[in-house]
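Enquirer: Have a look at this prediction, sequence included:
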Amino acid sequence: MAATQELPREPVPRRGARRTSYKWIVLSNTTLGVLMAVINGSIVTIALPAIFRGIDLNPLQPGNISYLLWILMGYLLVTAVLVVGLGRLGDIFGRVKVYQAGFVVFTIGSVALALDPLAGGGGALWLILWRLVQGVGGAMLFANSTAIITDAFPVEQRGLALGINQVAALAGTFIGLIAGGLLAEIDWRLVFFVSVPIGIVGTVWSYRSLHEIGVHRTARMDWWGNALFGIGLTVLLIGITYGIQPYGGATMGWLSPMVLGCIIGGAALLVVFCVVETKVATPMFHMTLFKIRAFWAGNLANYLAGVARGGMQFMLIIWLQGIWLPLHGFTFEATPLWAGIYMVPLTIAFLVTGPLCGALSDRFGARAFASGGLALIAASFVGFVLLPVNFNYWAFTALLVLNGIGSGMYSAPNTTAIMNSVPADSRGAANGMRGTLQNSGFALSIGVFFSLMIVGLAGTLPSTMRTGLLAHHVPAAAATAVADAPPVGSLFAAFLGYNPIQTLAGPALKSIPAADRATLTGKTFFPNLIAGPFHHGLAIAFGLAIAMSLIAAFASMLRGTRFVYADQSVAMADGTTGTGVRDEVPLNGIQPPRAGDTALRERRPRRRRG
């Protein structure tokens with residue numbers, strides 16, 4: 001075992017940091033940063049039709065789906081790839097410095113997006129490029145905000161603080177959906193410009209108010225590790241993204257040479273990365289942290305929950321936009337905005353339970369809350385599968401609330417437990433690892449959910465589509481061509497708020513009687529046509545979500561009771577010595593070990609006397 005030495009305690013904060021108000025300034029600013037970054041992750045989802053009209057590009061034409069996927073997924077891909085390295089950068093050079101730079105980069109990206117001067121494919125490439133830049137800024141904010149909060153708050157208040165921060169993250173997802181729909185009605189450029197004043201305020205505020213109080217680690221960046229990880233994960237996620245696109249005569253591209261090469265090559269690079277990280281002096285991924293049960297169990301639950309929940313939003317939105325809302329009188333063009341509004345109950349439930357369960361987990365530990373929340377999430381997926389396609393909205397609302405309660409019970413306690421389990425000088429890297437696993441789970445989930453949905457649709461949709469079109473006098477050749485089109489076209493048409501039949505059948509509708517044409521392009525034909533195949537695909541996709549949620553709940557149970565890192569000096573495997581946390585052990589029976597003790601202590605909380 002490496003020898004340890006007594007190191008100085010954490011640097012004493014400046015006078016302003018001594019005041020109780022400083023930690024709330026930290027929470028307010030980091031919550032603004034996370035809220036802005038998350039809103040921009042989802043704000044384009046509802047606004048995509050207006051954006052593509054603005055740059056004069058039809059995303060459903062052959063060869064253009066890639067633009068759609070990159071505008072939709074590029075931001076998530078960049079944050080997933082960079083969040084670990086940027087968290088590590090914060091550990092070395094200062095978390096606040098990297099966080100502040102994130103505001104600047106994000107704001108510059110937002111300005112460039114709003115000023116897109118090009119049209120067609122060039123305009124789409126401009127948006128993709130600057131969405132990637134915006135994603136770099138978002139990754140800087142994501143990677144360090146949780147660590148900055150953990151530095152500022154004592155351990156007995158971290159659950160509450162991180163609960164509020166996590167609420168902002170989930171709320172931002174649905175605020176983005178609604179804001180995107182509302183702003184796109186005015187001008188698509190406002191979808192991106194709205195972040196500029198927020199970014200400027202956040203930048204000035206952070207530079208004036210925040211300063212470094214966390215423990216830093218004197219070490220070098222692991223550039224080889226960063227390169228291997230970044231390239232490997234990028235290539236892997238590109239393969240997953242292109243796997244859901246048609247290839248040749250197949251409905252999906254999982255067997256295309258490019259997709260197979262990306263998946264195999266990306267996975268191989270990640271294996272090499274894991275080997276390299278055990279050899280270098282200052283690794284990007286602290287593999288030794290996975291020796292801490294609370295850390296590896298929490299992150300395993302985090303990844304599996306990401307797989308379970310990541311694609312849910314898209315499936316429910318397609319359900320609302322493609323089937324339920326048109327059946328209840330909404331035009332296809334209006335469905336994107338209303339789908340976001342009808343999903344609000346999930347956010348409200350999370351807003352209530354997130355901070356509450358975060359605060360309770362400070363006192364009682366994370367295991368019961370996180371595991372119970374994941375079980376409720378699984379139960380909500382069971383309910384969605386059992387729900388009729390043309391459901392009663394109050395039953396749908398009850399399941400959204402159940403999912404929101406489960407998410408609130410799980411998110412903040414799990415994040416707090418992970419961050420409490422690591423040394424103070426590794427919090428940036430630990431939070432980056434947590435964020436990467438979560439975002440990778442989300443990205444994988446979207447690809448897997450869409451693939452499973454397409455598999456479900458491919459079995460029965462072509463014959464159902466052909467029969468329905470022929471019954472309304474569409475020529476046989478045209479009906480066959482539309483029916484044999486990849487199901488992903490119908491999904492994306494509904495997702496974008498287009499009338500799928502009008503989009504896919506095109507000129508063939510001009511030659512049929514007006515009454516048949518009105519029926520085919522009406523609000524109810526496509527929803528009734530796709531309802532059965534969609535529910536079959538939904539059952540397959542949500543069946544996976546149920547399994548992942550339950551396995552995640554089991555992983556969460558393995559974390560132990562309470563696990564708080566509170567030592568004074570710890571020898572790390574890379575040869576450096578980290579400084580422990582000062583004044584962070586609550587009066588709950590978890591006492592700091594003696595100086596030089598390299599172990600983490602796990603104890604059941606004891607009742608306080610007096």
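Expert: Cool, got the structure.
Enquirer: so what's Met343 closest to, chain neighbours aside?
Expert: Phe174 (5.7 Å; Cβ to Cβ, 6 or more residues apart in numbering). (Glycine included, C-beta is placed from N, CA and C.)
Enquirer: Just want to check the distance between the one you found and Gly404.
Expert: Here Phe174 is placed at a distance of 10 Å from Gly404 (Cβ to Cβ, to the nearest Å).
Enquirer: quick one, which of those two is more surrounded?
Expert: Shown here are Phe174 and Gly404; by other Cβ atoms under 10 Å, Gly404 has more neighbours (26 against 22).
Enquirer: which residues touch that one?
Expert: Pro345, Leu346, Thr347, Ile348, Ala349, Phe350, Thr353 (Cβ atoms under 8 Å, 6 or more residues apart in numbering).
Enquirer: tell me which element it is part of?
Expert: Using DSSP states H and E, Gly404 sits in helix 393-420.
Enquirer: ditto for Asp516
Expert: helix 514-520.
Enquirer: Can you show me the strands along the chain?
Expert: Here the chain has its strands, by DSSP state E, at 569-571, 577-579.
Enquirer: Quick check: the gap between the closest residue to Ile377 other than its chain neighbours and Gly456.
Expert: The spatially closest residue to Ile377, leaving aside those adjacent along the chain, is Gly406, at 3.9 Å (Cβ to Cβ, 6+ apart). Per Cβ to Cβ, Gly406 is found 25 Å from Gly456.
Enquirer: Who has more neighbours out of those two?
Expert: Between Gly406 and Gly456, Gly406 has the larger neighbour count (other Cβ under 10 Å), namely 28 against 21.
Enquirer: Pull the contacting residues for that one.
Expert: By Cβ under 8 Å, 6+ apart, the neighbours of Gly406 are Gly372, Gly373, Leu374, Ala375, Leu376, Ile377, Ala379, Ser380.
Enquirer: pLDDT score for it?
Expert: If you check Gly406, the pLDDT there is 94.
Enquirer: same question, Gly560
Expert: 67.
Enquirer: What of the one 3 residues further on?
Expert: Reading off the per-residue confidence, Phe563 sits at a pLDDT of 58.
Enquirer: cool, and Pro592?
Expert: Predicted confidence (pLDDT) for Pro592: 36.
Enquirer: Same question for Pro197.
Expert: pLDDT, Pro197: 92.
Enquirer: contacts for stretch 360-375?
Expert: 155-160, 298, 301, 305, 357, 405-414, 416-417, 549-550, 552-554, 556-557, 559-562, 586, 588, 605.
Enquirer: Mind listing what's buried along that stretch?
Expert: Residues of stretch 360-375 classed as buried by neighbour count (16 or more other Cβ atoms under 10 Å): 360-362, 364-375.
Enquirer: Could you list which of these belong to helices?
Expert: Residues of those located in helices (DSSP state H): 360-362, 364, 367-375.
Enquirer: Widest-spaced pair of those residues?
Expert: Asp362 and Ala375 (21.4 Å; Cβ to Cβ).
Enquirer: now the residue of the chain most remote from its centre: how far from His473?
Expert: Taking Cα atoms, centre = their mean, the residue of the chain most remote from its mean C-alpha position is Pro513, at 46.8 Å. For Pro513, the distance to His473 equals 6 Å [Cβ to Cβ].
Enquirer: show me the residues around the residue nearest to Met343 that make contact.
Expert: Ser42, Gly340, Met343, Val344, Leu346, Thr347.
Enquirer: Redo those residues as CSV? Include neighbour count and distance to Phe495.
Expert: What follows is the contacts of Phe174, written out as CSV (neighbours: other Cβ atoms under 10 Å; distance: Cβ to Cβ, whole Å):
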residue, neighbour count, distance to Phe495
Ser42, 23, 13
Gly340, 27, 12
Met343, 21, 14
Val344, 17, 19
Leu346, 27, 18
Thr347, 22, 20
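Enquirer: taking those one by one, which sit in helices?
Expert: Ser42, Gly340, Val344, Leu346, Thr347.
Enquirer: picking up where we left off before, just the closest of the contacts of Gly406 to Ala112, please.
Expert: The closest of the contacts of Gly406, once distances to Ala112 are taken by Cβ to Cβ, is Ile377, at 37.5 Å.
Enquirer: hmm, back to that, how about the residue farthest from the centre of the chain, phi and psi?
Expert: phi -60, psi 150 (degrees, to the nearest 10).
Enquirer: picking that back up, export the ones in helices among the buried residues of stretch 360-375 to JSON lines and append columns for distance to Gly249.
Expert: Shown next, in JSON lines, are those (distance: Cβ to Cβ, whole Å):
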{"residue": "Leu360", "distance to Gly249": "55"}
{"residue": "Ser361", "distance to Gly249": "52"}
{"residue": "Asp362", "distance to Gly249": "57"}
{"residue": "Phe364", "distance to Gly249": "57"}
{"residue": "Arg367", "distance to Gly249": "50"}
{"residue": "Ala368", "distance to Gly249": "51"}
{"residue": "Phe369", "distance to Gly249": "49"}
{"residue": "Ala370", "distance to Gly249": "45"}
{"residue": "Ser371", "distance to Gly249": "46"}
{"residue": "Gly372", "distance to Gly249": "47"}
{"residue": "Gly373", "distance to Gly249": "44"}
{"residue": "Leu374", "distance to Gly249": "40"}
{"residue": "Ala375", "distance to Gly249": "43"}
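Enquirer: Turn those into TSV, including distance to Ser490 and pLDDT.
Expert: Formatted as TSV, these follow (distance: Cβ to Cβ, whole Å; pLDDT from 0 to 100):
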residue	distance to Ser490	pLDDT
Leu360	45	86
Ser361	43	84
Asp362	48	79
Phe364	48	84
Arg367	43	87
Ala368	43	89
Phe369	40	91
Ala370	37	91
Ser371	38	92
Gly372	38	94
Gly373	34	94
Leu374	32	94
Ala375	34	95
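Enquirer: ok, of the residues you listed, which one's closest to His286?
Expert: So of these, ranked by how close each gets to His286 (Cβ to Cβ), first place is Ala370, at 22.2 Å.
Enquirer: Please report the distance of the closest one from Ala412.
Expert: 9 Å.
Enquirer: low-scoring stretches of the protein, by residue?
Expert: 1-20, 62, 214-219, 560-610 (pLDDT under 70).
Enquirer: ok so, going back, closest to Ile200 among the ones in helices among the contacts of Phe174?
Expert: Of the ones in helices among the contacts of Phe174, the one sitting nearest to Ile200 (Cβ to Cβ) turns out to be Ser42, at 21.7 Å.
Enquirer: Could you find the closest non-adjacent residue to that closest one?
Expert: Gly176 (3.5 Å).
Enquirer: List the contacts of that neighbour.
Expert: Val38, Ile39, Asn40, Gly41, Ser42, Ile43, Thr45.
Enquirer: close enough to count as contact, Ser549 and Phe381?
Expert: Yes - between Ser549 and Phe381 there is a contact at 6.6 Å, judged by Cβ atoms under 8 Å.
Enquirer: what is in contact with those two at once?
Expert: Ala308.
Enquirer: what are the ranges of the helices in the stretch 1-150 of the chain?
Expert: Here the stretch 1-150 of the chain has its helices, by DSSP state H, counting those that start in this stretch, at 15-18, 21-54, 65-93, 95-114, 120-152.
Enquirer: If I take the longest one and helix 95-114, what angle do their directions form?
Expert: Okay, so that is helix 21-54. For helix 21-54 against helix 95-114, the angle by axes from the mean of the first three to the mean of the last three Cα atoms, to 10 degrees is 20 degrees.
Enquirer: Please identify the buried residues of helix 21-54?
Expert: For helix 21-54, burial by neighbour count (16+ other Cβ under 10 Å) applies to 22-23, 25-27, 29-52, 54.
Enquirer: now the third one
Expert: For helix 65-93, the neighbour count (16+ other Cβ under 10 Å) marks 65, 67-92 as buried.
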